[in-house]
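Asker: make a model of this:
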Amino acid sequence: MKFPYIEEKAVPIILGILTILAYGLLLPFTGFYWDDWPFAWIARFQGPTAFFQAFEGVRPFLGPIFFVTTSLIPPVPLYWQIFALLVRFLSSLLAWSALKQIWPQHKRQALIASILFLLFPGYSQHWVALTHINQEWIPFLFYLLSFGLTARALRSQEGFLPNTLAALLFLLAGVFPTEYFIGLEPLRFFFIWVVLSDRISENRQRVVQTLKHWLPYLLLWLGNIAWLAYFYTIGTYDSYGVSVVENPLTVQQVFLAMGEAIWKGGLYAWVQILPLVSKSLTTPSSMLTLALITVTFVLTLIYLTKSIKARDEAKAFATPAALAGIVGLLLGRLPSLAAGLPLTLQSSNDRFMISMMLGGSLFIVGLVELLVKNTGVKTYIFALLIALSVGQQFFNANIFRRDWSRQQEFLQQLAWRIPAMKPNTTLLTDALPVDYETDLSFTAPINWMYAPDYTHSDLPYSIIYTEIRLGSSLPALEKNLAIDVGMRTVYFHGSTSQVIVIYMPQTGCLRVLDPNREDQFTYARQSRDLVEAIPLSDPTNIILEPAHTAQLPFIAEAKRTWCYFYEKAELAYQQKDWKQVLALIDEAQSLGYQPQDAVEWLSYIEAQAFARNLEAAQELSNRIQAHDISLHKGLCEVWKRVQADSSARSDMQERVAQILGDLQCGP
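Answerer: Okay, the predicted model is just below:
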């Protein structure tokens, strides 16, 4: 019988092209995300050896991996994004190497499964590179290599012992560093079964031989389970709890979780890009995504059509692949399910799908092979799945590109508005308009910016989200309370008496909030936690004329548009330099810049008033109030401050009182 012929020399080229299309097109515009920042800070300021301590109480076998990679790769976003690209490409090669040895007579299906594994659209966290490459992908490489070596050992009796020993060694390196892959090992049973089916036809004998060959791997796997059971319950583990121990799942919950895993990881993930782009068809990112899907579909269809030289009987592949896929999906869900963590697509939680990727890829290929008999139709379906997956990952890349851009805007505006801070200052806010970073994420770059010569044990700065820390790291919104924040290997010890409250809107510029400006009234419509924190804010913690200003790591200074002039004007406002405030805003307007949020005119109005330009200040006030009535309180507070200024002349006081009346400002 003839089998489909795949030119193996071309496979790395095809996988490389697809890697670049899916993950590389926006690579220069991506950066650090989530835990990348703390890890990068540790590598830069404490050195690679600090990772042994960082993971001692979480995943102690990860420390050596971080030590090696951070010793070789500097903590620069671009370098880690390139490294992530290479690791994903290597993972697809290892998957291809393993699957073609398991199914040597079905290289077409093995290749398609390997491509879909590379592109698996249910996993969107590729760009959190420094974190996930070390925490999951490098152990995953070892696991894939272990699968391939097992198949090679069984296919080549002469190299059985060395290949088996190597497979066991790589299993050790793949399963002990992280609990993500604890559910993968039963897949090896299926793989061994498939390999032995070529020479053992009798089912009972094949079961016995499969168990015999799987036994050493099974024992090592059970050893890992015993280790995790000890570490999670008796040892020093200090991270996610095992919620199923305290709250066992009901039968209904188990079946729902199983259905969710198969539905999301095996079916819906492959087409989720369609409803995602349909929500915003006319946007540039959606149009580019659809164009990329179209181009990829055409090119993939041509390649798959040309690479098939003969038809094959796919049943021998389809049934075991589909079964192995279901097992992989279900058992891949176990680690996150045991910790009580949700499986949600298009969020940081879809990182849990990394353990379901191989199962999901085998399942969809096996399912198509089982249900569709016509080879041409199958080729179209596989080309479409590949194209949709490329489009999904490009769509994800755009999300991370925008997030990195937003991070840079925040850090840049922070540096403009706060050139330096007194040590032990806490930045307090409700949340920031970014997708993947928490306050602990941003504590790292803020210390990098404001303490570039850090050498001591305690962190000099932190940022706290009231939204998630109130009642824990931040006991309450009251003066003289201790703030204690840990960041892996280091700690910040501050006080609610040394705080700067900041606010970064979705549209508009960063603001330092000040109770002396009655900002609790101006921003009364914002979140309750933010408004109640404003009385704690003390802008005198900002060093107005520092010897050294904040330095942005990896980020070139942004173009000086409206927010630059606004932040500098706010800094001048803090010094009551009204002429400088007016000069900066006037310059911004002369260059054609305007605020996106009208509240940013308030400082300009106040500066105009104190500069005796009352008519201009009143005219702008009336225009703003007519445009947005929600700014009424903020405008009233501005004019009340002008009225209360003891240096104001009596004729000015009368004019200001008239303006307050016209604005209908109460006492």
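
Asker: what residue lies at the spatial centre of this protein?
Answerer: Among the residues of the chain, Y436 comes closest to the average C-alpha position under Cα atoms, centre = their mean, at 4.5 Å.

Asker: I'd say that residue and R402 touch.
Answerer: No. Using Cβ atoms under 8 Å, Y436 and R402 do not qualify as a contacting pair, with a distance of 10.8 Å. Every C-beta, even on glycine, is put in place using the N, C-alpha and C of the backbone.

Asker: ok now whichever strand or helix holds F147, how far from the chain's centre?
Answerer: In this structure, F147 is located in helix 138-155 according to DSSP states H and E. Put simply, helix 138-155 sits 29 Å off its chain's centre (Cα atoms, centre = their mean, to the nearest Å).

Asker: T429 contacts Y465, correct?
Answerer: Yes. Counting by Cβ under 8 Å, T429 touches Y465, with 6.5 Å between them.

Asker: of those two, who's got more company?
Answerer: Comparing T429 with Y465 by neighbour count (other Cβ atoms under 10 Å), the higher total belongs to T429, at 24 against 21.

Asker: could you pull up the contacting residues of the closest residue to that one other than its chain neighbours?
Answerer: Nearest-residue entry for T429: I502, 5.0 Å, with adjacent residues in sequence omitted and distances by Cβ to Cβ, 6 or more residues apart in numbering. For I502, the contacting residues are L414, L427, L428, T429, L510, R511, V512, L513, by Cβ atoms under 8 Å, 6 or more residues apart in numbering.

Asker: let me see the backbone angles for I502.
Answerer: phi -120, psi 160 (degrees, to the nearest 10).

Asker: so it versus L432, what's the distance?
Answerer: Distance of I502 to L432, computed by Cβ to Cβ, to the nearest Å: 9 Å.

Asker: just H548 next, same as before
Answerer: Taking Cβ to Cβ as the measure, H548 and L432 are separated by 25 Å.

Asker: for burial, what's the neighbour tally of L228?
Answerer: Applying the criterion other Cβ under 10 Å, we find 19 residues in the vicinity of L228.

Asker: actually L663, sorry about that
Answerer: For L663, the number of neighbouring residues by other Cβ under 10 Å comes to 16.

Asker: ok, now T466?
Answerer: T466, neighbours per other Cβ under 10 Å, totals 21.

Asker: ok, for it, nearest residue in space, not its chain neighbours?
Answerer: Nearest one to T466, counting by Cβ to Cβ, 6+ apart, is D529 at 3.8 Å.

Asker: show me the contacts for the one you found.
Answerer: Contacts here follow Cβ under 8 Å, 6+ apart; on that basis D529 touches D430, T466, E467, L470, L477.

Asker: which among those gets closest to F147?
Answerer: Within the contacts of D529, distances to F147 taken as Cβ to Cβ reach their minimum at E467, with 42.9 Å.

Asker: which element is the closest one on?
Answerer: Secondary-structure element containing E467, defined by DSSP H and E: helix 466-469.

Asker: quick one: buried residues of that helix?
Answerer: When neighbours are counted by 16 or more other Cβ atoms under 10 Å, the buried residues of helix 466-469 are found to be T466, I468, R469.

Asker: tabulate the residues you listed (TSV), appending distance to Y79 and pLDDT.
Answerer: What follows is those, written out as TSV (distance: Cβ to Cβ, whole Å; pLDDT from 0 to 100):
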residue	distance to Y79	pLDDT
T466	35	91
I468	31	88
R469	32	90
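
Asker: please tabulate these in CSV, including the columns distance to I17.
Answerer: Formatted as CSV, the entries for the buried residues of helix 466-469 read as follows, by distance: Cβ to Cβ, whole Å:
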residue, distance to I17
T466, 47
I468, 42
R469, 45
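
Asker: tell me what the helix or strand containing R402 is packed against?
Answerer: Applying DSSP H and E as the criterion places R402 in helix 375-417. Applying 3 or more Cβ pairs under 8 Å, 6 or more residues apart in numbering; DSSP states H and E, one finds that helix 375-417 contacts helix 107-119, helix 273-278, helix 284-307, helix 357-371, helix 439-450, helix 562-574.

Asker: TSV for those helices, including mean neighbour count?
Answerer: Converted to TSV, the helices and strands packed on helix 375-417 look like this (neighbours: other Cβ atoms under 10 Å):
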stretch	mean neighbour count
helix 107-119	26
helix 273-278	15
helix 284-307	17
helix 357-371	25
helix 439-450	24
helix 562-574	22
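
Asker: in JSON lines: these, plus mean pLDDT and distance to E637.
Answerer: Converted to JSON lines, the helices and strands packed on helix 375-417 look like this (pLDDT from 0 to 100; distance: least, Cβ to Cβ, whole Å):
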{"stretch": "helix 107-119", "mean pLDDT": "95", "distance to E637": "55"}
{"stretch": "helix 273-278", "mean pLDDT": "94", "distance to E637": "43"}
{"stretch": "helix 284-307", "mean pLDDT": "92", "distance to E637": "40"}
{"stretch": "helix 357-371", "mean pLDDT": "95", "distance to E637": "55"}
{"stretch": "helix 439-450", "mean pLDDT": "94", "distance to E637": "29"}
{"stretch": "helix 562-574", "mean pLDDT": "95", "distance to E637": "14"}
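
Asker: measure K378 to L171 for me?
Answerer: The gap separating K378 from L171 is 33 Å, by Cβ to Cβ.

Asker: just the strands in this protein please.
Answerer: For the chain, applying DSSP state E gives strands covering 425-429, 458-459, 461-465, 482-487, 490-495, 499-503, 511-513.

Asker: R152 is nearest to which of those?
Answerer: Nearest of the strands of the chain to R152, taken as Cβ to Cβ: strand 482-487 at 43.8 Å.

Asker: the closest one to strand 425-429, inter-axis angle?
Answerer: Angle of strand 482-487 versus strand 425-429, following axes from the mean of the first three to the mean of the last three Cα atoms, to 10 degrees, is 90 degrees.

Asker: show me what contacts M487?
Answerer: Residues P38, W41, L440, T443, A444, L459 are the ones in contact with M487 under the rule Cβ under 8 Å, 6+ apart.

Asker: if we go to 6 Å?
Answerer: M487 is in contact with P38, L440, T443, counting by Cβ atoms under 6 Å, 6 or more residues apart in numbering.

Asker: looking at the contacts of I502, which is nearest A482?
Answerer: L428 (14.1 Å).

Asker: more neighbours: which of H548 and L432?
Answerer: Applying other Cβ under 10 Å to H548 and L432 shows that L432 carries more neighbours, namely 21 against 11.

Asker: that one touches M504, doesn't it?
Answerer: Yes. With contact defined as Cβ atoms under 6 Å, L432 counts as touching M504 (5.2 Å).

Asker: the spatially closest residue to I112 that is not a sequence neighbour: neighbouring residues, count only.
Answerer: Distance criterion Cβ to Cβ, 6+ apart; nearest residue to I112, sequence neighbours excluded, is F382 at 5.1 Å. Counted with other Cβ under 10 Å, the neighbours of F382 add up to 25.

Asker: can you tell me the distance between the two ends of stretch 584-598?
Answerer: Between the opening and closing residues of stretch 584-598 lies a distance of 17 Å (Cα to Cα, to the nearest Å).

Asker: quick one: distance of it to the chain centre.
Answerer: Averaged C-alpha coordinates place stretch 584-598 at 34 Å from its chain's average position (Cα atoms, centre = their mean).
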